[in-house]
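Visitor: The following block contains a protein sequence and its predicted model.
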Amino acid sequence: MQLLIAGNGYLGTEVGNRALAQGWQINRCSLSGHDQTYACDLGDPDSVRLLATLIPPPDAIVHCASSGKGGSPAYQHVYYQGVKNLQQAFPHSLILFTSSSSVYGQTDGSVVTETSSAEPDRETGKILLATEELTTSHGGIVCRLSGIYGPARSVILRKFLQGDAIIEEDGRRYLNQIHRDDAARAILHLLGLSLTKNHSHSICGEIFNTSDSQSLSQLATYQGLADFFQRPLPPSGPRDLDRKRGWTHKQVSNEKLRTTGWQPDYPSFLSAVPHIAASVL
């Protein structure tokens with residue numbers, strides 16, 4: 001099976017490495033072309049068409065490129081136009097698009113599933129939704145990823161250890177996260193199901209929340225860290241309304257993904273802390 005990893009960042013690198021170990025034939029592309037990847041600007045149709053002349057036709061494509069911390073124009077270019085260009089250049093390939101659970105704008109602490117209302121209040125979230133629709137309407141798969149953390153990467157843990165953490169108000173806001181390795185395993189699991197001819201339930205055209213199994217409140221998260229590291233709780237402060245992913249308060253359910261046979265190795269953020277703590281600072 002041929003796999004194209006479109007975006008060779010923190011998640012894409014892990015997906016590619018795991019795919020290789022599973023016997024996939026893979027190619028990788030990135031904007032820079034560094035680290036043995038093909039240079040490709042996903043938002044430029046000419047660049048994607050050139051890529052199509054350089055690699056074998058992939059059975060599947062994982063679009064996990066980053067917007068480079070850009071705003072709406074970058075989202076439109078990398079995500080929506082990127083998926084559109086990939087669809088046109090590789091019309092017979094299954095595309096899996098990694099979206100974000102930030103498309104859920106709920107602020108009431110409710111449990112959200114794939115059938116819950118997705119009405120983000122930011123233009124970037126609306127572009128993600130449009131890209132999801134573009135993906136699924138062509139038979140692709142969408143993974144709505146919660147905040148990714150893992151080896152050498154956890155904003156929450158780093159802020160706590162550096163003494164910069166703030167508990168917003170009473171700390172009731174839920175944090176939804178996914179370990180990088182669990183996210184990579186979920187992506188390859190879904191691709192495997194989609195490309196298996198005798199699989200009884202087609203998941204093409206479907207959306208899957210890709211999150212761990214236990215949403216933790218901010219207070220519970222920092223209380224767990226305080227207990228583990230034998231440090232005091234961070235101080236309280238106002239809400240951070242300038243968060244890139246927006247200020248939301250919801251519990252992202254991964255039940256639909258789990259019914260396909262996937263289970264997270266790290267069911268909650270706190271279960272992963274002993275394994276990543278040394279690498280974060």
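Guide: Everything's here; your move. Residues are numbered from 1 along each chain as shown.

Visitor: From the contact counts, what lies against the worst-scoring helix or strand of the chain on mean pLDDT?
Guide: The helix or strand of the chain with the poorest confidence is strand 236-237; it has a mean of 93 (mean pLDDT, DSSP states H and E). When contacts are defined as 3 or more C-beta pairs under 8 Å, 6 or more residues apart in numbering; DSSP states H and E, strand 236-237 packs onto strand 167-168. C-betas here are computed from N, CA, C, even on glycine.

Visitor: Just the residues contacting the strand it packs on, thanks.
Guide: With contact meaning C-beta atoms under 8 Å, 6 or more residues apart in numbering, strand 167-168 is reached by 218, 219, 222, 233, 234, 235, 236, 237, 238, 239, 240.

Visitor: which ones are touching the fifth one?
Guide: Remark: with contacts taken as C-beta under 8 Å, 6+ apart, residue 234 is in contact with 160, 163, 165, 166, 167, 222.

Visitor: before we move on, what about the fourth one?
Guide: With contacts taken as C-beta under 8 Å, 6+ apart, residue 233 has the following neighbours: 167, 222, 223, 226.

Visitor: what's the answer for residue 158, then?
Guide: Residue 158 makes contact with 280, 281 under the criterion C-beta under 8 Å, 6+ apart.

Visitor: Just want the phi and psi numbers for it.
Guide: phi -60, psi -50 (degrees, to the nearest 10).

Visitor: picking up where we left off before, narrow the contacts of residue 234 to just the buried residues.
Guide: Buried by 16 or more other C-beta atoms under 10 Å: 160, 165, 166, 167, 222, out of these.

Visitor: To what extent is the residue nearest to residue 269 when sequence neighbours are not counted buried, counted in neighbours?
Guide: Excluding its sequence neighbours, the residue lying closest to residue 269 (C-beta to C-beta, 6 or more residues apart in numbering) is residue 177, at 5.0 Å. If you count neighbours by other C-beta atoms under 10 Å, residue 177 ends up with 27.

Visitor: Verify the stated contact: residue 177 with residue 146.
Guide: Yes: counting by C-beta atoms under 8 Å, residue 177 does reach residue 146; the two are 5.2 Å apart.

Visitor: Find residues that contact each of those two.
Guide: By C-beta under 8 Å, 6+ apart, residue 177 and residue 146 have these common neighbours: 211, 212.

Visitor: re the thing from before, could you list which of the contacts of residue 233 belong to strands?
Guide: residue 167 (DSSP state E).

Visitor: Out of the contacts of residue 233, which comes closest to residue 186?
Guide: residue 222 (26.7 Å; C-beta to C-beta).

Visitor: what about the chain, any weak spots by pLDDT?
Guide: 197-201, 241-246 (pLDDT under 70).

Visitor: Phi first, then psi, for the spatially most central residue of it.
Guide: With distances taken as C-alpha atoms, centre = their mean, residue 145 lies nearest the centre of the chain, 3.4 Å away. In terms of degrees, to the nearest 10, the main-chain angles of residue 145 are phi -80, psi 140.

Visitor: Would you quantify the distance from it to residue 178?
Guide: Separation of residue 145 from residue 178 (C-beta to C-beta, to the nearest Å) stands at 6 Å.

Visitor: shared neighbours of the two, anything?
Guide: Common neighbours of residue 145 and residue 178 (C-beta under 8 Å, 6+ apart) are 210, 211.

Visitor: for the stretch 51-200 of the chain, what spans make up the strands?
Guide: Applying DSSP state E, counting those that start in this stretch to the stretch 51-200 of the chain gives strands spanning 60-63, 94-100, 110-112, 141-145, 147-149, 167-168, 174-175, 177-179.
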